[in-house]
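Q: how would this look folded up:
(one chain, ligands or ions: 1)
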Amino acid sequence: MRILVSNDDGYLSPGIEALVRVLRPLGEVVVVAPEQNRSGASNSLTLDRPLAVTEAPNGFFYVNGTPTDCVHIALTGLLTTPPDLVVSGINKGQNMGDDTIYSGTVAAAMEGYLFGIPAIAFSLVEKDLIHLESAARIAAEIVARQIANPLAELFLLNVNIPSRPYEELGPVVVTRLGKRHPSEPVFPTSNPRGDKLYWIGAAGGARDAGPGTDFHAVAQGQVAVTPLQIDLTHVAQLGTLEGWLAL
Ligand code: MN
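A: You can find the predicted model right below:
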């Protein structure tokens with residue numbers, strides 16, 4: 001089993017180190033991750049400059065680009081043999097509901113999925129990383145399950161792990177994405193020259209967070225596993241749109 005690991009918090013983040021540590025016994029692990037924290041980079045590719053790939057002393061490769069750049073480069077020339085699995089994380093903070101649209105953690109996994117490789121994104125719900133080791137243990141268990149009993153279909157899994165000691169975590173459950181309220185307002189500020197600037201506001205609170213959603217599962221202390229797909233076509237609107245265009 002060859003496993004490509006990436007993330008969006010950067011190759012020096014504690015989350016990727018913890019993930020690699022637990023995955024090494026399960027297979028041949030290669031790390032290609034962003035040099036800097038690129039959280040919120042979504043599926044962006046860098047097309048206005050060439051990218052440097054550098055090997056760190058610990059053997060991780062880092063790229064001066066986005067999470068998607070990292071996996072893309074790995075799969076289109078850097079790696080001599082394609083991986084059997086792409087794993088992203090462990091992200092510092094949750095990626096639930098609408099977060100998945102903006103997430104670089106999910107994007108790194110999604111790039112693998114687009115290339116036909118099964119992929120899993122792991123996120124730890126709280127940013128304090130106190131329970132990173134228990135999250136890593138869950139990640140290893142899920143990857144080990146795929147190795148022992150591979151899912152028959154190509155998949156992209158989004159996993160959110162509550163910040164709790166391992167013994168206090170609920171079961172791993174299958175969920176759908178919930179939805180958030182719109183983002184908090186921008187935070188106005190200025191620079192020393194008096195130019196007006198804006199910080200993008202925090203994500204909105206959970207809105208669609210009922211039973212069955214990732215938000216609900218995590219609130220119960222359960223590990224939420226949501227299978228994702230990429231086709232954004234609004235199939236139910238195809239007929240309406242055809243009628244509208246025919247008017
Ligand atoms: Mn991140």
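Q: what sits against whichever residue of the chain sits closest to the ion?
A: Using Cβ to the ion, residue 39 is the residue of the chain that sits closest to the ion, at 3.2 Å. Every C-beta, even on glycine, is put in place using the N, C-alpha and C of the backbone. If a contact means Cβ atoms under 8 Å, 6 or more residues apart in numbering, then residue 39 has 8-9, 91-93, 103-105 as its contacts.
Q: From those residues, list just the buried residues.
A: 8-9, 91-93, 103-105 (16 or more other Cβ atoms under 10 Å).
Q: model confidence over the strand or helix carrying residue 113, on average?
A: Per DSSP states H and E, residue 113 falls inside helix 104-114. The average pLDDT for helix 104-114 rounds to 98.
Q: With stretch 205-223 instead?
A: In the prediction, stretch 205-223 has an average pLDDT of 97.
Q: roughly how far out does that stretch sit from the chain middle?
A: In terms of Cα atoms, centre = their mean, to the nearest Å, the centre of stretch 205-223 is set 18 Å apart from its chain centre.
Q: What are the buried residues along it?
A: Neighbour counts using 16+ other Cβ under 10 Å place 206, 208-209, 213-218, 222-223 of stretch 205-223 among the buried residues.
Q: what about that stretch, how long is it end to end?
A: This stretch, stretch 205-223, spans 19 Å end to end (Cα to Cα, to the nearest Å).
Q: Can you check the pLDDT for residue 177?
A: pLDDT for residue 177: 98.
Q: about what we covered before: check the buried ones among the contacts of residue 39 against the ion, which are close?
A: The subset of those within reach of the ion, by Cβ under 5 Å from the ion, is 8-9, 91.
Q: Low-confidence regions, the protein specifically.
A: Within the chain, no stretch has pLDDT under 70.
Q: So which bits of it are right by the ion?
A: Residues of the chain found near the ion (Cβ under 5 Å from the ion) are 8-9, 39, 91.
Q: Turn the residues you listed into JSON lines, including secondary structure.
A: JSON lines is the format used below for the residues of the chain next to the ion (DSSP: H, G, I helix; E, B strand; the rest coil):
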{"residue": "8", "secondary structure": "coil"}
{"residue": "9", "secondary structure": "coil"}
{"residue": "39", "secondary structure": "coil"}
{"residue": "91", "secondary structure": "strand"}
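Q: between those, which is nearest residue 32?
A: Using Cβ to Cβ, residue 8 comes nearest to residue 32 of these, at 12.4 Å.
Q: In contact with the closest one, which residues are there?
A: By Cβ under 8 Å, 6+ apart, residue 8 lies in contact with 34, 37-41, 66-67, 88, 91, 103-105, 107-108.
Q: so how far is residue 104 from residue 198?
A: Going from residue 198 to residue 104 by Cβ to Cβ, to the nearest Å gives 21 Å.
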